[in-house]
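[1] okay, structure incoming, though there's no sequence with it:
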């Protein structure tokens, strides 16, 4: 079996519609995006959230998740103890970007610490604070948003011990600023995002084809590892291991965990199966998260059964109901409640568990349900929807299939963008089942 899968991988010939850049060009793109975000986006975010100073503190290999998104392209980790200080002077419309570190933080943030003049790093940080007299100082701690809780106990205590007591009242959680930095996408990033999702769709299309799957031989686990190998061969990364599962006439419908952790491994894919995958890639510091479906044709079939095609249309309708309820300022819980109620009124059995997507796969921002929290998500679900944000539109609807004498679950996930002009899918969505093998026309008797 391993030899067969290796051979299939080698002879794979699907042409990918997007060019994947070599590392040097990727670095240039990443640093240019960071410069734009620091110079143009960050001042706006600091004004909106009411901070004129934001301090991020990390040590090598123990990075604050927010600071990690700011690393220069050639830095894979922070160095020693790295302290970043952003100071916003709204009246003069300036933004200072300083590193209290032994090195420049790439080309975007200059070093503001000469150890020979001031041996103590903490004292140098205090000098910078006192020179600028900030009205509010943001630190990355948060009870509920994990990505925004990056300052460790040791660094927090050292910072407060060295900070003059006059500034204690100015220190507060930078939670909203950190979320905004993580969730907000720039115009350039959205151009790139389209390419990321396109590549992800190409990987799925190749995986769910006769080039990879031989019905009766290939297993779900084979396809999962093919996807993982393909991502690596393309020079990309993934933020989670791909999953593949099947639904068929003889199987009971499991709970929501079935597709994620409880599914049996090494299930042989057979004609008549409805095959489902969940896959995401990481490229240019952005992440994708897609779930699509394919049908394995039986002998003499030229298309999927009509009842499965209609089931997919039901899933698409639930997507439409959900995204039509998006509105800037609404909370995730509001949108979730309205969408589930509308879906049920129209006769569907929906479940919605959509999450922010961007510099992290399960990112910070508006949470719109979880598979085990269909009545709303405390705190994270109360965060309001903002523009220029991306979400993994992840949901399902349960559909009864009389022909199979059972229920199936149509599970879909696509990257969607919310902006000033409303909602759009970043690179389209699945509206037709993929077929294994691909449908071909044959001439002759």
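    Cool, got the structure. Since this is a predicted model, take the numbers as computed values, not measurements. Residues are numbered from 1 along each chain as shown.

[2] which outside residues touch stretch 93-107?
    Stretch 93-107 is contacted from outside by 31, 34-35, 38-39, 42-43, 46, 70-75, 79-89, 108-113, 115, 121, 124-125, 128, 132, using Cβ atoms under 8 Å, 6 or more residues apart in numbering. For the C-beta atoms, the positions are set from N, CA and C on the backbone; glycine is no exception.

[3] pLDDT on it, on average?
    What stretch 93-107 shows for mean pLDDT is 87.

[4] check contacts around residue 142.
    Contacts of residue 142 by Cβ under 8 Å, 6+ apart are 148-149, 173, 175, 178.

[5] so which of the residues you listed sit within helices?
    175, 178 (DSSP state H).

[6] for residue 389, state which of the contacts of residue 142 is nearest.
    Distance to residue 389 across the contacts of residue 142 (Cβ to Cβ) is lowest for residue 178, with 14.3 Å.

[7] dump the residue contacts of the residue nearest to the closest one when sequence neighbours are not counted.
    Distance criterion Cβ to Cβ, 6 or more residues apart in numbering; nearest residue to residue 178, sequence neighbours excluded, is residue 148 at 3.8 Å. Residues near residue 148 by Cβ under 8 Å, 6+ apart: 65-66, 140-142, 173-175, 178-179, 182, 364.

[8] ok, now residue 244?
    Residue 244 makes contact with 207, 220-221, 223-224, 227, 275-277 under the criterion Cβ under 8 Å, 6+ apart.

[9] look up how far residue 398 lies from it.
    Applying Cβ to Cβ, to the nearest Å, the value for residue 244 to residue 398 is 20 Å.

[10] which one of the contacts of residue 148 is nearest to residue 270?
    Nearest to residue 270 among those, counting by Cβ to Cβ, is residue 364 at 41.3 Å.

[11] residues near the closest one, how many?
    Neighbours of residue 364 under the rule other Cβ atoms under 10 Å: 27.

[12] before we move on, back to that, biggest separation within the contacts of residue 244, which pair?
    221 and 276 (14.1 Å).

[13] from the contacts of residue 148, pick the one nearest residue 377.
    residue 364 (13.1 Å).

[14] need the contact partners of whichever helix or strand residue 205 is part of.
    In this assignment (DSSP states H and E), residue 205 forms part of helix 187-207. By Cβ under 8 Å, 6+ apart, the residues outside helix 187-207 that reach it are 12, 14, 16-18, 20, 29, 32-33, 36, 185, 212-213, 223, 226-227, 230-231, 234, 236, 244, 277, 279-281, 283-284, 286-288, 290, 292, 390, 414-415, 417, 426-428, 434.

[15] tell me the buried residues in that helix?
    Counting neighbours by 16 or more other Cβ atoms under 10 Å, one finds that the buried residues in helix 187-207 are 189-190, 192-207.

[16] again, but for stretch 96-109
    For stretch 96-109, by 16+ other Cβ under 10 Å, it's 97-101, 105-106, 108-109.

[17] and the residues you listed, which is closest to residue 168?
    residue 100 (19.6 Å).

[18] which positions in the helix or strand harbouring residue 391 come out as buried?
    Using DSSP H and E, residue 391 falls within strand 389-401. Residues of strand 389-401 classed as buried by neighbour count (16+ other Cβ under 10 Å): 389-397, 399, 401.

[19] want to throw these into JSON lines with pLDDT?
    Below are the buried residues of strand 389-401 laid out as JSON lines (pLDDT from 0 to 100):
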{"residue": "389", "pLDDT": "98"}
{"residue": "390", "pLDDT": "98"}
{"residue": "391", "pLDDT": "98"}
{"residue": "392", "pLDDT": "98"}
{"residue": "393", "pLDDT": "98"}
{"residue": "394", "pLDDT": "98"}
{"residue": "395", "pLDDT": "98"}
{"residue": "396", "pLDDT": "97"}
{"residue": "397", "pLDDT": "98"}
{"residue": "399", "pLDDT": "97"}
{"residue": "401", "pLDDT": "96"}
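
[20] make CSV out of those residues and add distance to residue 162.
    Shown next, in CSV, are the buried residues of strand 389-401 (distance: Cβ to Cβ, whole Å):
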residue, distance to residue 162
389, 36
390, 38
391, 40
392, 41
393, 46
394, 44
395, 48
396, 51
397, 55
399, 61
401, 65
